[in-house]
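Chemist: What shape does this take:
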Amino acid sequence: MINTVLLALLSFILVSGLLVLIGFMYDIKLLMFSYYEETSSGFVAGSSVIPFIIGGFCSYVVRSYYQKKIVR
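Modeler: So this is what the prediction gives:
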């Protein structure tokens, strides 16, 4: 069971990290973890959770595949 959890956590970190890195490299705000823009009244800050949602989904898929493979 601990192997399954570690594999799922590792896949989450790798996929999310790769998507955030791509967001920073190509300036894609939907994939960037944090960004801010200065306006006349101050600044607007924000971050996207899309890489983490995609990472969570990939983690679930990898965990399910790994568990099915172990059962067989």
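Chemist: Let me know the next secondary structure element after the helix or strand containing residue 12.
Modeler: In this assignment (DSSP states H and E), residue 12 forms part of helix 2-25. As assigned by DSSP H and E, the chain's next helix or strand after helix 2-25 is strand 35-39.
Chemist: Near residue 24, how many other residues are there?
Modeler: 14 (other Cβ atoms under 10 Å). (C-beta placed from N, C-alpha, C; glycine too.)
Chemist: From residue 8, how far off is it?
Modeler: 25 Å (Cβ to Cβ, to the nearest Å).
Chemist: hang on, the earlier thing: report the rounded mean pLDDT for the helix holding residue 12.
Modeler: Along helix 2-25, the predicted local confidence has a mean pLDDT of 93.
Chemist: Pull out the buried residues from that helix.
Modeler: 7-8, 11-12, 15-16, 19-20, 23 (16 or more other Cβ atoms under 10 Å).
Chemist: Residue 63: which of those residues is nearest?
Modeler: Checking the buried residues of helix 2-25 against residue 63 with Cβ to Cβ, the nearest one is residue 8 at 4.1 Å.
Chemist: can I assume that closest one is in contact with residue 64?
Modeler: No: the criterion here is Cβ atoms under 8 Å, and residue 8 misses it with residue 64 at 9.3 Å.
Chemist: contacting residues around the residue positioned nearest the centre of the chain?
Modeler: Centroid-nearest residue in the chain: residue 16, 2.4 Å away (criterion: Cα atoms, centre = their mean). Applying Cβ atoms under 8 Å, 6 or more residues apart in numbering, we find residue 16 in contact with 51-52, 54-55.
Chemist: quick one: it from residue 1, how far?
Modeler: From residue 16 to residue 1 the distance is 23 Å (Cβ to Cβ).
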